[in-house]
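Peer 1: A predicted structure for the sequence below; I have some questions about it.
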Amino acid sequence: MLEFKDISINDMSRINTALNYSQFMGCEYSFSNNMAWKRLGDSRIAFYKDFYICCSFRSDDNIPRFILPSGSGDYREVFKEMKMYSEKLGKPLRVAGITETSLKMLNELFHDSFITETDEGEWDYIYYYDDLLNLPGRKFHSKRNHLARFNELGAVYAPITEKDFDDCITFSVHEYNIKSTASDHSFLAEQYAINTYFNYYRELGLQGGVIRIDGKVSAFTIGDRLNNDTFCVHIEKADTRYNGIFAGINNCFVKSINDKYKFVNREEDLGIEGLRKAKQSYNPAFLLKKYTVTFK
């Protein structure tokens, strides 16, 4: 029987071995993301042979939501273990994070034994690295204009260092407090995630950038390698009183990333209309469509 536990930094090597084997592109296949955002869905982890399994235990219908396991081995075996675990709880097996390629595999293995659903709010926005770097052609005309406005602000961009951590945390708290309430679960989860990123910044191999205007933080962002050709942006915060600030932090950060990638994953829009409009405005190369399956 699977045994779930809290994720910790000590699990990083074993988990990254499984993630590197699978080379999945979804933002949920990031060790740093799994560890930082564990409070959002009450996520816990387990291992089965060479598979890594992450499961969220917080849902409206109290059905555990597994993420498609990463790693090597027989998927029939690991799904049998997950199904046994779910049935012991009196719940059906539900698995998310399934791309069209993975769905084809599941159909071949399990045929019509599950129901498939998809939610556009969970699809990841995937961009060409070179597009975000160079903002080429007519389709990026408005973004170049926003960047020009940013360049007029007298802002200073720099890679994040330890001396920036406290200022960035304070900035993120202030930005959220003017929009919501401190009792909001998503706020608490986000603040925990940001604190985790900074507490384990070096150990996680994160990269980040900060913009200061008149010496004060006005934007910051954090991300890391997702797979061999994809970088993932986990956090992006900016003071919208400054015209072009999001274009500025986006472009400056891409320019400062240490390694060259083909793609940048800027994660999902959660069905939030303003966030969807912002992500679409950067002309994604494609949206990574993801499914959730529930076994009958």
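Peer 2: Great, that's in hand. Numbering: from 1, shown residues only.

Peer 1: burial count for the nearest residue to residue 192 once chain neighbours are set aside?
Peer 2: Nearest non-adjacent residue to residue 192, counting by C-beta to C-beta, 6 or more residues apart in numbering: residue 39, 4.8 Å away. (Each C-beta comes from the backbone N, C-alpha and C, glycine too.) Applying other C-beta atoms under 10 Å, we find 17 other residues in the vicinity of residue 39.

Peer 1: my guess is residue 39 contacts residue 189. True?
Peer 2: Yes - contact criterion C-beta atoms under 8 Å: residue 39 and residue 189 qualify, at 4.5 Å.

Peer 1: assign a three-state SS to residue 20, would you?
Peer 2: Judged by DSSP: H, G, I helix; E, B strand; the rest coil, the three-state class of residue 20 is helix.

Peer 1: contact partners for it?
Peer 2: residue 227 (C-beta atoms under 8 Å, 6 or more residues apart in numbering).

Peer 1: now do it against residue 104, distance only.
Peer 2: 22 Å (C-beta to C-beta, to the nearest Å).

Peer 1: and residue 276, which of the three is it?
Peer 2: helix.

Peer 1: per-residue confidence for it?
Peer 2: Here, the pLDDT recorded for residue 276 equals 96.

Peer 1: what do you get for the one 3 residues further on?
Peer 2: At residue 279 the predicted local distance difference test score is 97.

Peer 1: likewise for residue 60?
Peer 2: 84.

Peer 1: for the one 5 residues further on, same thing?
Peer 2: Residue 65 is assigned a pLDDT of 98 by the prediction.

Peer 1: need phi/psi at it.
Peer 2: Torsion angles at residue 65 (phi, psi; degrees, to the nearest 10) stand at phi -120, psi 100.

Peer 1: residue contacts, residue 85?
Peer 2: With C-beta under 8 Å, 6+ apart, residue 85 has these contacts: 1, 2, 64.

Peer 1: how much space between it and residue 273?
Peer 2: Using C-beta to C-beta, residue 85 is found at 37 Å from residue 273.

Peer 1: same question for residue 24.
Peer 2: 28 Å.

Peer 1: mind checking which of these two has more residues around it?
Peer 2: Neighbours of residue 24 and residue 273, each counted by other C-beta under 10 Å, are more numerous for residue 24; the result is 21 against 8.

Peer 1: which strand or helix spans residue 44?
Peer 2: Using DSSP states H and E, residue 44 sits within strand 43-48.

Peer 1: likewise for residue 115?
Peer 2: Judged by DSSP H and E, residue 115 forms part of strand 114-118.

Peer 1: against which helices or strands is the helix or strand just after that strand packed?
Peer 2: Following strand 114-118 in sequence order, the next helix or strand is strand 124-128 (DSSP H and E). Counting contacts by 3 or more C-beta pairs under 8 Å, 6 or more residues apart in numbering; DSSP states H and E, strand 124-128 is packed against strand 263-265, strand 286-288.

Peer 1: distance from the chain centre to the helix or strand harbouring residue 169, please.
Peer 2: According to DSSP H and E, residue 169 maps onto helix 165-177. Here helix 165-177 is found 20 Å from its chain centre; the criterion is C-alpha atoms, centre = their mean, to the nearest Å.

Peer 1: now what about that helix, what contacts it?
Peer 2: Residues from elsewhere that reach helix 165-177 (C-beta under 8 Å, 6+ apart): 160, 187, 190-191, 194-195, 198, 201, 210, 216-218, 220, 237, 239.

Peer 1: ditto for stretch 126-142
Peer 2: 25, 143-144, 147, 230-231, 250-251, 254-255, 260-266, 281-288.

Peer 1: if we use 10 Å, what do you get?
Peer 2: With contacts defined as C-beta atoms under 10 Å, 6 or more residues apart in numbering, stretch 126-142 is touched by 25-27, 143-147, 229-233, 247, 250-251, 253-255, 257, 259-267, 279, 281-288.

Peer 1: so which of these are in strands?
Peer 2: 230, 231, 232, 233, 263, 264, 265, 286, 287, 288 (DSSP state E).

Peer 1: and which of those residues is nearest to residue 79?
Peer 2: Nearest to residue 79, judged by C-beta to C-beta, of the ones in strands among the contacts of stretch 126-142 is residue 288 at 22.0 Å.
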